[in-house]
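Student: Turn this into a structure:
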Amino acid sequence: MKPTPSLFASRRRAVRHGAIVLALGCAALGTASAFAADLLDTVKARGTLRIAMEGTYPPFNFKDPKTGQLAGYDVEVVQAVAAKLGLKPEFVTTEWSAILAGLAAGKYDVIVSQVGITPKREQAFDFSHPYTYSSPQLIVRRNESLQYKTLADLKGKTLGVGQGSVFEQQAKAVPGIQVKSYPAAPENLQDLAFGRVAAALNDSLMVSYLLKNSQLPIKAGARVGAVERMGIPFRKGNPKFKAAVDKALADLQADGSLARMSTRWFGSDASRPAR
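Tutor: A predicted model of the protein is given here:
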């Protein structure tokens, strides 16, 4: 059963420029000398895996309003990975704008919060193999008669996006679009429902979940971007840890666990590229 969340956070998940710079500057913390212990040895000795996520981004990670506990696809995936590693998951919730900088500073071991694998991020961190594939998608009012098939079709219109997200970057790259940025999706979608913006842009997997659980008069629009890969980032210089996490994900893929988790939350298998 899918719990109905009370909050929807902004996305896709790109850190603000300042945080990227900080993460790159702190990357040396993760590339310690060859004499430093591999992260796998550290977490095994501790017995726990410290995991950062937003906790406000359904259906990926959010607090179940009935239990107050973290729930969602990301939560289930990392719980299964931790079990494969023989570790107890220890969750830390933090705002997206500071989440990568916190990883660089060693505040936690990994982030499991739909972090897109990008060349710039790979300069600062190592990533697991992808465990989610999705793409940007428009959201429009249910009675919208205009057809927005591409972002260019929104020239002269106002588009709502998540503040500091790759969606914001994508929208600002198209001349003529008036971009309105929001700290979280609830305000964005309320403005869309009331006609204050012509459309909103977010993750396709979130859109499908949102439309099943929201009472707002909105509907899914066109997909307007390339497929993105999401993985688990951690500090560089930990080859044993990377191998262990990749094996855990491969085992979960092979036995069908990732497909079952994805289908439960999204209605389809988003753990591998669409065929």
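Student: Quick check: next helix or strand after the helix or strand of the chain with the lowest mean pLDDT?
Tutor: One helix or strand of the chain scores below all others by mean pLDDT, DSSP states H and E: helix 17-26, with a mean of 44. Under the assignment DSSP states H and E, the closest C-terminal helix or strand after helix 17-26 is helix 39-46.
Student: Quick check: buried residues in that next one?
Tutor: For helix 39-46, the neighbour count (16 or more other Cβ atoms under 10 Å) marks Leu39, Leu40, Val43, Lys44 as buried. For the C-beta atoms, the positions are set from N, CA and C on the backbone; glycine is no exception.
Student: Pull out the CA atoms of the helix or strand that comes right after that helix and give them to me as PDB.
Tutor: Later in the chain than helix 39-46, the nearest helix or strand by DSSP H and E is strand 48-53. The C-alpha atoms that make up strand 48-53 are tabulated as PDB, following Å, rounded to 0.1, in the frame of the first residue of the first chain:
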ATOM      1  CA  THR A  48      26.000   0.900  10.700                       C
ATOM      2  CA  LEU A  49      25.700   2.600   7.400                       C
ATOM      3  CA  ARG A  50      25.000   6.400   7.700                       C
ATOM      4  CA  ILE A  51      22.700   7.400   4.900                       C
ATOM      5  CA  ALA A  52      21.600  10.900   4.000                       C
ATOM      6  CA  MET A  53      18.300  11.700   2.200                       C
END
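Student: Which residue lies nearest the spatial centre of this protein?
Tutor: Gln114 (2.2 Å; Cα atoms, centre = their mean).
Student: And it, how close does it get to Gly102?
Tutor: Distance from Gln114 to Gly102, counting by Cβ to Cβ, to the nearest Å: 16 Å.
Student: what bits of the stretch 151-275 of the chain have low per-residue confidence?
Tutor: 275 (pLDDT under 70).
Student: do that again at 90, thanks
Tutor: Across the stretch 151-275 of the chain, the ranges flagged by pLDDT under 90 are 162-169, 182-188, 202-203, 206-215, 225-226, 228, 267, 274-275.
Student: in the stretch 1-150 of the chain, which spans are strands?
Tutor: Using DSSP state E, counting those that start in this stretch, the strands of the stretch 1-150 of the chain run over residues 48-53, 56-57, 61-63, 70-71, 88-93, 110-111, 115-116, 125-127, 132-134, 136-141.
Student: Tabulate those in CSV, adding columns for mean pLDDT.
Tutor: Below are the strands of the stretch 1-150 of the chain laid out as CSV (pLDDT from 0 to 100):
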stretch, mean pLDDT
strand 48-53, 98
strand 56-57, 84
strand 61-63, 94
strand 70-71, 98
strand 88-93, 98
strand 110-111, 98
strand 115-116, 89
strand 125-127, 98
strand 132-134, 95
strand 136-141, 96
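Student: In JSON lines: those strands, plus mean neighbour count.
Tutor: JSON lines is the format used below for those (neighbours: other Cβ atoms under 10 Å):
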{"stretch": "strand 48-53", "mean neighbour count": "22"}
{"stretch": "strand 56-57", "mean neighbour count": "24"}
{"stretch": "strand 61-63", "mean neighbour count": "23"}
{"stretch": "strand 70-71", "mean neighbour count": "22"}
{"stretch": "strand 88-93", "mean neighbour count": "16"}
{"stretch": "strand 110-111", "mean neighbour count": "28"}
{"stretch": "strand 115-116", "mean neighbour count": "26"}
{"stretch": "strand 125-127", "mean neighbour count": "22"}
{"stretch": "strand 132-134", "mean neighbour count": "22"}
{"stretch": "strand 136-141", "mean neighbour count": "23"}
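Student: could you dump these to TSV with distance to Ile177?
Tutor: TSV is the format used below for these (distance: least, Cβ to Cβ, whole Å):
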stretch	distance to Ile177
strand 48-53	30
strand 56-57	24
strand 61-63	29
strand 70-71	35
strand 88-93	32
strand 110-111	30
strand 115-116	21
strand 125-127	31
strand 132-134	22
strand 136-141	12
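Student: what's the closest of those strands to Ala248?
Tutor: Within these, the stretch nearest Ala248 is strand 48-53; the backing value is 10.7 Å (Cβ to Cβ).
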